[in-house]
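In: this one's sequence-less:
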């Protein structure tokens, strides 16, 4: 059987897998059963060919993945609330979802693009050293953020499901029967993980921002950084795509930092979690 390209993410008590136009989420319910949600979404690049051009497709793909992933994450939270007997109106859910999305975007921009620029400007005057310090701050904030999230008790189970997702993807890609026992032996570090992509975004941002020159006004620098995000995302996507399935020395060097960071963003899963991830992979691989 041909192996289909797949990717995914962990959600609340479950795993989401995307395979082509099909997205499947499996969630472990309080009574021990597994609830499966499946949907089909035609990528916008199939409707508008120019959105599939190199560089452009990276930022387009990122937005689509974030939208689908966020929607599935909120749906998995709904299942948890349902199991706990918490009743929330549809209107309240929509308002909460909107607020969470806006806050998440604001935090991302503030932490990784505005803060490094302003901090560096407080320490050094405009010059080559300023750009280097800004890049250093951006990397440090990214790593510190990952480390801080990793020690949050509520995130531990999510990261365990993240590990389960990677193990089951490896099991599928190696053509083995999809079950917890077979998946268990594989590593939880996957070269196409979003963690690798985010690290490449940080590296690419440093390189591209260095080509823009040095603006004396820190707010202008921060604004330009934000406007450049689609380009940064697009270039990082092309780099990840190029090296993801290669095994030469350069590819291993490019992947190494992102793989190392996955020690923070994944944990060893239980067999119950592997069963959920395996169910999601099998459902995504089914033609329907």
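Out: Received it, and whenever you're ready, just let me know what you need. The structure presented is a predicted model; accordingly, all values stated were derived computationally and were not measured.

In: which residue is nearest the centroid of the protein?
Out: residue 194 (3.6 Å; CA atoms, centre = their mean).

In: if I look at it, how far off is residue 94?
Out: Distance of residue 194 to residue 94, computed by CB to CB, to the nearest Å: 26 Å. In this view, the C-beta of every residue, glycine as well, is placed from N, C-alpha and C.

In: still on that earlier bit, double-check the residue nearest to the centre of the chain against residue 16; I have them as touching.
Out: No. Between residue 194 and residue 16 there is no contact under CB atoms under 8 Å: 11.7 Å.

In: List of residues touching stretch 142-157?
Out: 13, 111-112, 159, 195, 198-199, 202, 261, 264-265, 267 (CB atoms under 8 Å, 6 or more residues apart in numbering).

In: contacting residues for the residue nearest to the centre of the chain?
Out: residue 9.

In: what do you get for residue 259?
Out: Neighbouring residues of residue 259 by CB under 8 Å, 6+ apart: 189, 191, 193, 196.

In: which one of those sits closest to residue 89?
Out: Checking these against residue 89 by CB to CB gives residue 193 as the nearest, at 36.0 Å.

In: what's around that closest one, how many residues?
Out: Residue 193: 27 surrounding residues under other CB atoms under 10 Å.

In: please renumber so the chain begins at 42
Out: Let's use 42 as the start, then, which means that last one is residue 234.

In: what's the closest non-adjacent residue to it?
Out: residue 303 (5.8 Å; CB to CB, 6 or more residues apart in numbering).

In: what does residue 79 give?
Out: The nearest residue in space to residue 79 (CB to CB, 6+ apart) is residue 65, at 4.9 Å.

In: repeat for residue 231
Out: residue 207 (4.1 Å).

In: pretty sure that neighbour contacts residue 228?
Out: Yes. If you go by CB under 8 Å, residue 207 and residue 228 touch, sitting 7.3 Å apart.

In: Neighbour count: these two, which is higher?
Out: Comparing residue 207 with residue 228 by other CB under 10 Å, the one with more neighbours is residue 207, at 25 against 12.

In: Next, the contact list for the more buried one, please.
Out: Contacts of residue 207 by CB under 8 Å, 6+ apart are 227-231, 234, 303, 307.

In: can those go into JSON lines with extra columns for distance to residue 145, secondary structure and pLDDT?
Out: JSON lines is the format used below for the contacts of residue 207 (distance: CB to CB, whole Å; DSSP: H, G, I helix; E, B strand; the rest coil; pLDDT from 0 to 100):
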{"residue": "227", "distance to residue 145": "31", "secondary structure": "coil", "pLDDT": "97"}
{"residue": "228", "distance to residue 145": "29", "secondary structure": "coil", "pLDDT": "96"}
{"residue": "229", "distance to residue 145": "25", "secondary structure": "coil", "pLDDT": "96"}
{"residue": "230", "distance to residue 145": "25", "secondary structure": "coil", "pLDDT": "94"}
{"residue": "231", "distance to residue 145": "23", "secondary structure": "coil", "pLDDT": "92"}
{"residue": "234", "distance to residue 145": "19", "secondary structure": "coil", "pLDDT": "89"}
{"residue": "303", "distance to residue 145": "21", "secondary structure": "helix", "pLDDT": "94"}
{"residue": "307", "distance to residue 145": "21", "secondary structure": "coil", "pLDDT": "95"}
